[in-house]
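Student: The following comprises the amino acid sequence and a computationally predicted model.
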Amino acid sequence: MTDHPAGLNRPGGHYRHTVTVPAGARTVHISGQLPVTPDGQPLAGRPFAEQAGRVLANLDACLAAAGANREHLTKVRVYVTDIGDWPAFDRVYADWLGPCPPPARAVVGVASLHHGVRVEIEAEAAIP
């Protein structure tokens with residue numbers, strides 16, 4: 001499932017340059033998840049690491065509902081309102097993934113996000 005293209009530097013964060021989906025796998029596309037609690041409370045104004053942790057917990061819930069887990073992730077897109085939060089995100093994300101092989105990933109700086117939160121994540125996973 002992993003490819004490391006020749007001629008590219010090693011990834012600068014917790015991700016892989018490419019991920020190949022196994023033949024016959026089902027794919028789940030997960031919509032952008034915000035740092036919103038299960039009872040609908042946005043965590044705007046809370047520390048970045050707390051917001052990132054809530055988004056990753058929401059992503060876990062989506063994966064579980066699809067019959068998947070972190071090991072099945074193939075692509076993650078992260079939107080942050082301050083690109084300076086990239087290193088903090090990478091630390092929280094690496095801890096969350098643990099020993100799972102990291103998926104391909106992009107971190108994109110954006111002007112703003114719904115509810116005034118600082119991070120949003122969308123993802124794709126392959127379920128064998």
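Tutor: Received the coordinates, thanks.
Student: Looks to me like residue 16 is in a strand.
Tutor: No. Counting by DSSP: H, G, I helix; E, B strand; the rest coil, residue 16 falls outside a strand, being coil.
Student: The lengthiest helix in the chain packs against which elements?
Tutor: Identified as the longest helix of the chain according to DSSP state H is helix 48-65. Counting contacts by 3 or more C-beta pairs under 8 Å, 6 or more residues apart in numbering; DSSP states H and E, helix 48-65 packs against strand 26-33, helix 86-97, strand 119-127. Just so you know, the C-beta spots here come from the backbone N, C-alpha and C atoms, and that holds for glycine as well.
Student: where in this structure is pLDDT low?
Tutor: Scanning the chain for pLDDT under 70 picks out the ranges 1-5.
Student: So for it, which residue is the most central one in space?
Tutor: Closest residue to the average C-alpha location of the chain: residue 76 at 4.4 Å, with C-alpha atoms, centre = their mean.
Student: which residues does that residue form a beta bridge with?
Tutor: Beta bridges link residue 76 to residue 105, residue 123, judged by DSSP bridges.
Student: quick one, what contacts it?
Tutor: Neighbour list for residue 76: 15, 103-106, 121-124 [criterion: C-beta atoms under 8 Å, 6 or more residues apart in numbering].
Student: which two from these end up farthest apart in space?
Tutor: The most widely separated members of the contacts of residue 76, counting by C-beta to C-beta, are 15 and 122 (14.6 Å).
Student: Determine the number of other residues adjacent to the residue nearest to residue 115 when sequence neighbours are not counted.
Tutor: Spatial nearest neighbour of residue 115, chain neighbours left out: residue 42 (3.7 Å); criterion: C-beta to C-beta, 6 or more residues apart in numbering. By other C-beta atoms under 10 Å, 17 other residues sit near residue 42.
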